[in-house]
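Novice: The sequence isn't on hand, but the structure is:
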């Protein structure tokens, strides 16, 4: 399609688009200007519960109230209208929006005005044509002199169709017992609203860090939420999967223009409370979330949070009844940050799940990124371990030195693991060895503890720029040993 032609067609349609709200005759408009209260509960799974209260002047008896500007991704089957002295008869969700494409579609089979600029004298030549086919925005037009398929001019619409809306609209037919203005609350579920938590952990010493949390709100639902009280619900809500064949049209009708920008709001921390089997966070101040907008609000700022760093290596060696001699040349332990969510460790608050990014200053005092890990939802009093990477200058090598087959059901294995520490300070390392079947440690150079039915654990201290050799002999059996 010719670009100038497309822009001309779009421009004509936008003139009609900006001419105001187009409602059915006899409808009572309840657009956003009549909004008196907005509450949104946003869940983790791209789902939100909207409670939109608007003051509406009703007449006694039958009324058709048009709630303009509802979410384009609204789930209309979930809509519920609440109001004193009213009885809902019918609800209709109109998502066929007024835009250039839909406007052209509405005039297929009808006559429109056309305008062509005469390049010689600069005057506009008007004519009349019938729209035979919209042809995806490149219309086929029938003039008195013939049919045009690549018309170089503009289309002028003299009227607006009554079945196209400027915004997604829920029209509610209701009976009112009395006349007068009253608040009506429209509640519904919508997709397109989401939130997530992100954390920044700044390590200040070997056992203290500063933890800052942010909530990121994202609105792709197709409407603005002005001056809204926002609540965030942490937890997974079960939803029944339902095919929604109209969703693609709803998204298309909502438009694709992007007006995204981030807002960083410094405000008091959200209040939190237990709610059913979930956790609810209430933002301390009302906020406006525009469509196609990402907004950030502060969740928490906690200094001097106590943590413990742990180096943990899970042995690559397989130890069973019919094991053969094998070895590993080099293995680096995981670096874990262990947190206890309690007041005495300067935490003690429910934390929604999110990504924690860790930073630490180098020897020059420059902050460096050292890793990230996903924090699962953490209740007050709960402990967690966060993996942030592998230690570069702590490593181990191990081998199975000797295998003795006592019987077809019993075997004994001798292992040796050498741990090296290239750091200038001593470190503790946790070494885990998994076993198959039943097992028993017969001898060991350092005392182990039983972690579970399949695992033994050694806690070793590695001297600065030194090494430690761990040896142990284990018996494995198909029957209890």
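Specialist: Perfect, I can see it now. In this text, all values refer to a predicted model and were calculated from it rather than measured experimentally.

Novice: C-alpha only now, for contacts and for neighbours.
Specialist: Noted.

Novice: Now do stretch 372-380: everything it contacts.
Specialist: Applying Cα atoms under 8 Å, 6 or more residues apart in numbering, the contact partners of stretch 372-380 are 234, 341-342, 348-358, 384, 386-389.

Novice: run the last query once more with 10 Å
Specialist: With contact meaning Cα atoms under 10 Å, 6 or more residues apart in numbering, stretch 372-380 is reached by 197-201, 234-235, 279, 336-337, 340-343, 347-359, 384-389.

Novice: list the buried ones in it?
Specialist: Across stretch 372-380, burial judged by 16 or more other Cα atoms under 10 Å covers 372, 373, 374, 375, 378, 379.

Novice: Ok, stretch 110-124 next?
Specialist: With burial defined by 16+ other Cα under 10 Å, the residues of stretch 110-124 counted as buried are 111, 112, 114, 115, 116.

Novice: tell me the SS of the last one?
Specialist: Here residue 116 takes the strand state, with states given by DSSP: H, G, I helix; E, B strand; the rest coil.

Novice: coming back round to it: adding secondary structure and pLDDT, write the buried residues of stretch 372-380 out as TSV.
Specialist: Converted to TSV, these look like this (DSSP: H, G, I helix; E, B strand; the rest coil; pLDDT from 0 to 100):
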residue	secondary structure	pLDDT
372	strand	95
373	strand	96
374	strand	95
375	strand	94
378	strand	89
379	coil	87
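
Novice: quick one on the thing from earlier: just the closest of the buried residues of stretch 110-124 to residue 130, please.
Specialist: Of all these, residue 130 sits closest to residue 111, with 4.2 Å by Cα to Cα.

Novice: returning to that earlier point: buried ones among the contacts of stretch 372-380?
Specialist: 197-201, 234-235, 279, 336-337, 340-342, 347-359, 385-388.

Novice: Put together a markdown table for the buried residues of stretch 372-380, with distance to residue 308 on each row.
Specialist: Formatted as a markdown table, the buried residues of stretch 372-380 follow (distance: Cα to Cα, whole Å):
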| residue | distance to residue 308 |
| --- | --- |
| 372 | 16 |
| 373 | 15 |
| 374 | 17 |
| 375 | 16 |
| 378 | 17 |
| 379 | 19 |
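
Novice: burial measure for residue 206, as a count.
Specialist: 10 (other Cα atoms under 10 Å).

Novice: these two touch, right, it and residue 305?
Specialist: No: between residue 206 and residue 305 there is no contact under Cα atoms under 10 Å: 11.3 Å.

Novice: quick revisit: can you list which of the contacts of stretch 372-380 are found in strands?
Specialist: If you go by DSSP state E, the contacts of stretch 372-380 have 197-201, 234, 279, 336-337, 340, 354-359, 384-389 in strands.

Novice: Show the model's pLDDT score for residue 409.
Specialist: What the model reports as pLDDT for residue 409 is 88.

Novice: What of residue 216?
Specialist: For residue 216, the model assigns a pLDDT of 92.

Novice: And residue 74, by the same measure?
Specialist: 88.

Novice: and it, what are its bridge partners?
Specialist: Beta-bridge partners recorded for residue 74 (DSSP bridges): residue 190.

Novice: Let me know how buried it is, in neighbour terms.
Specialist: Residue 74 has 28 neighbours, counted by other Cα under 10 Å.

Novice: can I assume it is in contact with residue 46?
Specialist: No: at 12.0 Å, residue 74 does not count as touching residue 46 under the criterion of Cα under 10 Å.

Novice: between the two, what contacts are shared?
Specialist: Counting by Cα under 10 Å, 6+ apart, the contacts common to residue 74 and residue 46 are 190, 191, 192, 221.

Novice: ok, for residue 352, nearest residue in space, not its chain neighbours?
Specialist: Once flanking residues are discounted, residue 352 sits nearest to residue 377: 4.6 Å by Cα to Cα, 6 or more residues apart in numbering.

Novice: Sorry, wrong one. I was asking about residue 88.
Specialist: The shortest distance from residue 88 to any non-neighbouring residue, by Cα to Cα, 6+ apart, is to residue 174 (4.3 Å).

Novice: contacting residues for that neighbour?
Specialist: Residues in contact with residue 174 (Cα under 10 Å, 6+ apart) are 58, 61-65, 81, 86-91.

Novice: What ranges does the stretch 351-481 of the chain have for its strands?
Specialist: Here the stretch 351-481 of the chain has its strands, by DSSP state E, counting those that start in this stretch, at 354-361, 367-375, 383-390, 394-407, 410-421, 427-434, 438-444, 448-452, 455-462, 467-477.

Novice: Pick the most deeply packed of the ones you listed.
Specialist: Among the strands of the stretch 351-481 of the chain, ranked by average contacts under mean count of other Cα atoms under 10 Å, first place goes to strand 410-421 (a mean of 21).

Novice: So which elements touch it?
Specialist: In this structure, strand 410-421 makes packing contacts with strand 327-331, strand 394-407, strand 427-434, strand 438-444, strand 455-462, strand 467-477, judged by 3 or more Cα pairs under 10 Å, 6 or more residues apart in numbering; DSSP states H and E.

Novice: Partner strands of it and their direction?
Specialist: Using DSSP bridges, strand 410-421 pairs in its sheet with strand 394-407 (antiparallel), strand 467-477 (antiparallel).

Novice: tilt between the first one and strand 455-462?
Specialist: Between strand 394-407 and strand 455-462, the angle formed by their directions is 140 degrees, by axes from the mean of the first three to the mean of the last three Cα atoms, to 10 degrees.

Novice: Can you give the distance of strand 394-407 from its chain's centre?
Specialist: 47 Å (Cα atoms, centre = their mean, to the nearest Å).

Novice: likewise stretch 108-123?
Specialist: For stretch 108-123, the separation from the chain centroid amounts to 48 Å (computed by Cα atoms, centre = their mean).

Novice: what's the straight distance from one end of it to the other?
Specialist: End-to-end span of stretch 108-123 (Cα to Cα, to the nearest Å): 28 Å.

Novice: Stretch 153-168 too?
Specialist: First-to-last residue span, stretch 153-168, Cα to Cα: 31 Å.

Novice: Give the buried residues for that stretch.
Specialist: So, applying 16+ other Cα under 10 Å, buried residues of stretch 153-168: 153, 154, 155, 156, 157, 160, 164, 165, 166, 167, 168.

Novice: if we can go back for a sec, among the strands paired with strand 410-421, which is nearest residue 444?
Specialist: Nearest of the strands paired with strand 410-421 to residue 444, taken as Cα to Cα: strand 467-477 at 4.0 Å.

Novice: What average pLDDT does that closest one get?
Specialist: Taken as a whole, strand 467-477 has an average pLDDT of 95.

Novice: gap between it and the chain center?
Specialist: A distance of 47 Å separates the centroid of the chain from that of strand 467-477, by Cα atoms, centre = their mean.

Novice: same thing with stretch 84-93?
Specialist: The chain centre lies 33 Å from the centre of stretch 84-93; the measure is Cα atoms, centre = their mean.

Novice: go on, stretch 443-450?
Specialist: In this view, stretch 443-450 has its centroid 46 Å away from the chain centroid, taken as Cα atoms, centre = their mean.

Novice: how far does it stretch from start to finish?
Specialist: OK, stretch 443-450 end separation, Cα to Cα: 14 Å.

Novice: Now do that stretch, average pLDDT.
Specialist: Stretch 443-450 shows a mean pLDDT of 96.

Novice: try stretch 185-203
Specialist: 94.

Novice: Also stretch 111-131?
Specialist: Mean predicted lDDT for stretch 111-131 stands at 90.

Novice: Over to stretch 51-58?
Specialist: 91.

Novice: Could you do stretch 417-435 as well?
Specialist: The pLDDT scores in stretch 417-435 average 95.

Novice: Much appreciated, bye for now.
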